[in-house]
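Asks: Quick one, fold the following:
(one chain, ligands or ions: 1)
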Amino acid sequence: MYAIWNLTKVCPWDCSFCCMSAIKVGQVDKGENLNFSEKVRVLEILAVHKMKIDFSGGDPLYNPENFAIVEKATEIMSRDFIDVSMTGVDFNERKLALLKKVGKVEISIDNIPEDSNRFRPKGFNLSAINILKTLIEENIFCSAVTTLYPLSADKSNLKRLYEFLCINKVSKWNILRFYPVGRGLKLSNLYIDDKETLELMDFLDSLRGGATEIIFQHSLRILRGEYQCHAAIKSIGILPNGTVTACGWALDKNSNPLPGFCLGKLPEDDFDVILERARVDLGYSERQSYCRILNHLKSQEAI
Ligand code: SF4
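Replies: Residues are numbered from 1 along each chain as shown. The predicted structure follows:
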């Protein structure tokens, strides 16, 4: 089982559809956050339970305290159990040394650097490719992550981006579905329906063969009937205040869990009780053939 642990909402990029409703660096985070010792306790709980952790945010390496949590994870857990999804902004030797210990990293990129995209801040894609190049030179396994919405899912863009990733020897390209969640709730017009998404997947399949492996996120594979929702069965989300969600993306505009997704709170709640309650009381005992987030949004007529 793995946890997507959003250590912070603070991010140097602050994208307009951020599922975490990110807070710009320098802005006051008025929300409740775990303090350092509470984060250490959460980390120890996850380590004892042999959970894999994808450290995310916000940028999990931007703040020294969160950096120290990821560093501590490398000391008490196998690197096979640690992933980092980050921006690469303000990259430095200490971050490089830490990522060498982790061995792998995920960076979002939606377009080749020459193209602008009004839903991403200026410089976003250029910064992404620069940090990918730096990490690849250091033999760190890199995955590029692209979310499908109209400005990224244009076929010409996808083809050029794939060729660009291949030329730059990026090992993996993870393709994600856009969910109108977080502050993206107000951008539901960016959501691409099932039929068009399946066509895009076929198109992406036709690109395969280069140096970069194309991976469809599990919610896309659900569309093809190849997978089932694993919320609270194979994965959970943990928010900056310790709230545990059945799915890391199931967030409202204030980055609180959508109705029915909140499982408990760490470190104060017993983790085994959280998982047992999810299974027995909250209906997460079986996988479903549909994405629970999209099901919820459809029931609310939000998409
Ligand atoms: S709710 Fe959707 S995104 Fe979350 S685990 Fe299930 S399929 Fe994946």
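Asks: State the helix or strand in which Glu106 lies.
Replies: Counting by DSSP states H and E, the element that carries Glu106 is strand 104-108.
Asks: and that strand, which residues are buried?
Replies: Lys104, Val105, Glu106, Ile107, Ser108 (16 or more other C-beta atoms under 10 Å). C-beta: built from backbone N, CA, C; applies to glycine.
Asks: Stretch 104-120 too?
Replies: Lys104, Val105, Glu106, Ile107, Ser108, Ile109, Asp110, Asn111, Ile112, Asn117, Phe119, Arg120.
Asks: Could you verify my assumption that the third one touches Ser85?
Replies: The one in question is Glu106. Yes. The criterion here is C-beta atoms under 8 Å, and Glu106 meets it with Ser85 at 4.3 Å.
Asks: overlap in contacts of the two?
Replies: Jointly contacting Glu106 and Ser85 under the rule C-beta atoms under 8 Å, 6 or more residues apart in numbering are Asp54, Val145.
Asks: Okay, now the sheet partners of the helix or strand of the chain with the lowest mean pLDDT, with direction.
Replies: Here the helix or strand of the chain ranked lowest by mean pLDDT, DSSP states H and E is strand 23-24, holding a mean of 86. Strand pairing for strand 23-24, determined by DSSP bridges: strand 10-11 (parallel).
Asks: Quickly find the element holding Arg94.
Replies: helix 93-102.
Asks: cool, and Gly26?
Replies: Counting by DSSP H and E, Gly26 is part of no helix or strand.
Asks: now do the one 3 residues further on
Replies: Assignment of secondary structure by DSSP H and E places Asp29 within no helix or strand.
Asks: Show the contacting residues for the nearest residue to it once chain neighbours are set aside.
Replies: Distances taken as C-beta to C-beta, 6 or more residues apart in numbering place Ile23 nearest to Asp29, at 5.1 Å, with adjacent residues excluded. Residues near Ile23 by C-beta under 8 Å, 6+ apart: Lys9, Val10, Cys11, Asp14, Asp29, Gly58.
Asks: try 10 Å this time
Replies: Thr8, Lys9, Val10, Cys11, Asp14, Asp29, Lys30, Gly31, Gly57, Gly58, Pro240, Ser255 (C-beta atoms under 10 Å, 6 or more residues apart in numbering).
Asks: And those, which of them are buried?
Replies: Buried, going by 16+ other C-beta under 10 Å: Thr8, Lys9, Val10, Cys11, Asp14, Gly57, Gly58, Pro240, Ser255, out of those.
Asks: among the contacts of Ile23, which two are most distant?
Replies: Lys30 and Gly57 (16.7 Å; C-beta to C-beta).
Asks: For Arg177, see how far away Tyr149 is.
Replies: Distance, Tyr149 to Arg177, by C-beta to C-beta, to the nearest Å: 9 Å.
Asks: I meant Trp5, not that one.
Replies: 21 Å.
Asks: what does Leu294 give?
Replies: Taking C-beta to C-beta, one finds Leu294 at 8 Å from Arg177.
Asks: shared neighbours, those two?
Replies: Shared contacts of Leu294 and Arg177, counting by C-beta under 10 Å, 6+ apart, come down to Tyr191, Asp194, Ser219, Ile222, Leu223.
Asks: Run a quick neighbour tally on the second one.
Replies: Here the number of neighbours of Asp194 (other C-beta atoms under 10 Å) works out to 11.
Asks: hang on, the earlier thing: hey, what's the residue nearest to Asp29 bridged with?
Replies: When assigned by DSSP bridges, Ile23 has beta-bridge partners Val10.
Asks: that older thread, of Leu294 and Arg177, give the one with the bigger neighbour count.
Replies: Higher neighbour count among Leu294 and Arg177: Arg177, with 24 against 21, using other C-beta under 10 Å.
Asks: Quick one, grab the pLDDT at the closest residue to that one other than its chain neighbours.
Replies: Once flanking residues are discounted, Arg177 sits nearest to Ser219: 5.0 Å by C-beta to C-beta, 6+ apart. On the pLDDT scale, Ser219 is placed at 92.
Asks: Perfect, that will be all.
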